[in-house]
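Colleague: curious how this folds, go ahead:
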Amino acid sequence: MTVINASAETLSREKMIKDRKDRRKKFFKKLSQQKELVLIVLPFLILLLIFSYVPLWGWIIAFKNFNPALGISNSPWVGLENFKMLFEDPTFYQSIRNTLGISILKYFLGFFSSITLAVLINEVRNMKFKKTVQTISYLPHFVSWVVAASIVLDVLSPDGVINQLLLKFHIIKQSINFIGVPHLFWPLMALSDMWKEVGWNSIIYLAAMTAIDNELYEAASIDGAGRIRRIFSITLPSIVPTIKILLILNAGWILNAGFEQVFLLSNPMVIDYSQTLELYVYNYGIPMGRFSFATAAGIFNSVVSLAMVTLANRISKALSGESAF
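Modeller: As a prediction, this is how the structure comes out:
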């Protein structure tokens, strides 16, 4: 009996080794068949390694009292001291609250506005008008936040267009400094980001809509379905997989409220609502020379982002069977 079991184990081990060799042969065979594609991807892979993975070694300073004069290797170890200081600071939790508030508003408003714009553009039959609308909606994306922030500040100023219209229609009695009202800061960030990015974000949904079979629309029209019914019964269900994948991927940016936008549009009057995690790192880490502290906050941001992407992916896989990875 012992001999039989030993023989079975030997055969099983040999089969595993053979399967491993076969998989390796298949891998190198596919690699040789697609060598042109591999050569095209290789430079980008090298850039990714150099600029995204090699710098991760610098995370070690979060566990040290980093001194630029001593360098990373010679700076003294402090263990988790920087993380303790981070989690004991009340301003840190206020920054997380502000970051989540702005990010979640951007997250959902951006998705709904992009999908709505994509559906509306897809329904336009006049090609000249369609291209004009697309071009106009895309343009703000290519404007830097330095310029875009100036436009937003001018529009929302007491003498700006918004105040002039509200006064003209007697909705308000005196001008409002919108950008100086604390509880308006979060929605203003979300709305200004939507204005800037809605056209660009709608491109991927428009691309997904081009893959929908026109025969589905024709069959629905024959059955008496109107345009609204076709949108809700054909267009939107057909792009649901794309929406799910983008929701999963964007979950990783939940602690990224947009440094440039918030930095340029914030002011001392709204500091309690405008100081996000990125601004916290900038204000309390880099200018003060607390590089180890700033790195610890950055690691916290990265870990939470990775956890959010993984969680969103697992939830999507459990509910619908679709996932990004």
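Colleague: can you tell me how far residue 104 is from residue 137?
Modeller: 23 Å (CB to CB, to the nearest Å). For the C-beta atoms, the positions are set from N, CA and C on the backbone; glycine is no exception.
Colleague: show me which of the two is the more surrounded one.
Modeller: residue 137 (21 against 14; other CB atoms under 10 Å).
Colleague: so which strand or helix has that one?
Modeller: helix 127-138 (DSSP states H and E).
Colleague: check which residues of that helix are buried.
Modeller: 133, 134, 137 (16 or more other CB atoms under 10 Å).
Colleague: check contacts around the residue nearest to the first one when sequence neighbours are not counted.
Modeller: Looking back up the chat, that one is residue 133. In space, and not counting its chain neighbours, residue 133 is closest to residue 121: 6.0 Å by CB to CB, 6 or more residues apart in numbering. Taking CB atoms under 8 Å, 6 or more residues apart in numbering as the criterion, residue 121 is in contact with 130, 133, 134, 137, 202, 206.
Colleague: now the fifth one. Nearest residue, chain neighbours left out?
Modeller: It stands for residue 202. Nearest one to residue 202, counting by CB to CB, 6+ apart, is residue 118 at 4.1 Å.
Colleague: now swap in the fourth one and tell me
Modeller: With CB to CB, 6+ apart as the criterion, residue 137 has its nearest non-adjacent residue at 2.8 Å, and that residue is residue 199.
Colleague: wait, is that neighbour part of a strand?
Modeller: No. Membership of residue 199 in a strand is not supported by DSSP: H, G, I helix; E, B strand; the rest coil, which gives helix.
Colleague: count of neighbours near it?
Modeller: Residue 199 sits with 22 neighbouring residues when counted by other CB under 10 Å.
Colleague: mind listing what it touches?
Modeller: 117, 134, 136, 137, 138, 139, 140, 141.
Colleague: since we're on residue 85, how many residues are nearby?
Modeller: 17.
Colleague: what about it, which helix or strand?
Modeller: Under the criterion of DSSP H and E, residue 85 resides in helix 81-87.
Colleague: how far is that helix from where the chain is centred?
Modeller: How far helix 81-87 lies from its chain's middle: 27 Å, per CA atoms, centre = their mean, to the nearest Å.
Colleague: over to stretch 17-36?
Modeller: Taking the mean of its C-alpha atoms, stretch 17-36 sits 35 Å from the chain's own mean (CA atoms, centre = their mean).
Colleague: now stretch 50-63
Modeller: In terms of CA atoms, centre = their mean, the centre of stretch 50-63 is found 21 Å from the chain centre.
Colleague: so where does the residue lying closest to residue 297 once chain neighbours are set aside fall, helix or strand?
Modeller: Spatial nearest neighbour of residue 297, chain neighbours left out: residue 281 (4.7 Å); criterion: CB to CB, 6+ apart. Assigning secondary structure by DSSP H and E places residue 281 in helix 277-284.
Colleague: residue 158 too?
Modeller: Residue 158 belongs to no helix or strand when assigned by DSSP H and E.
Colleague: ok, now which ones touch it?
Modeller: By CB under 8 Å, 6+ apart, the contact list for residue 158 reads 175, 176, 177.
Colleague: repeat the analysis, applying 6 Å as the threshold.
Modeller: 175, 177 (CB atoms under 6 Å, 6 or more residues apart in numbering).
Colleague: likewise for the one 4 residues further on?
Modeller: Taking CB under 6 Å, 6+ apart as the definition of contact, the neighbours of residue 162 are 155, 156.
Colleague: that one and residue 64, how far apart?
Modeller: Between residue 162 and residue 64 the distance, using CB to CB, works out to 49 Å.
Colleague: ok, now residue 258?
Modeller: According to CB to CB, residue 258 stands 30 Å off from residue 64.
Colleague: do the same with residue 275
Modeller: The value you get for residue 275 to residue 64, if CB to CB is used, is 26 Å.
Colleague: what angle separates the longest helix anywhere in the chain from helix 127-138?
Modeller: Criterion DSSP state H: the longest helix present in the chain is helix 90-123. Helix 90-123 runs at 170 degrees relative to helix 127-138, counting by axes from the mean of the first three to the mean of the last three CA atoms, to 10 degrees.
Colleague: list the buried residues in helix 90-123.
Modeller: If you call a residue buried by 16+ other CB under 10 Å, then helix 90-123 has these buried ones: 92, 94-96, 98-103, 105-107, 109-111, 113-115, 117-119, 121-122.
Colleague: same question, stretch 48-63
Modeller: For stretch 48-63, by 16+ other CB under 10 Å, it's 61, 62, 63.
Colleague: what do you get for stretch 156-166?
Modeller: Within stretch 156-166, the residues that count as buried by 16+ other CB under 10 Å are 156, 157, 160, 163.
Colleague: and of the residues you listed, the nearest to residue 19?
Modeller: Distance to residue 19 across the buried residues of stretch 156-166 (CB to CB) is lowest for residue 156, with 64.9 Å.
Colleague: looking at it, the closest one is touching residue 177, isn't it?
Modeller: No. Residue 156 is beyond contact range of residue 177, at 8.0 Å (criterion: CB atoms under 6 Å).
Colleague: ok, which stretches of the chain are strands?
Modeller: With strands called from DSSP state E, the chain shows none.
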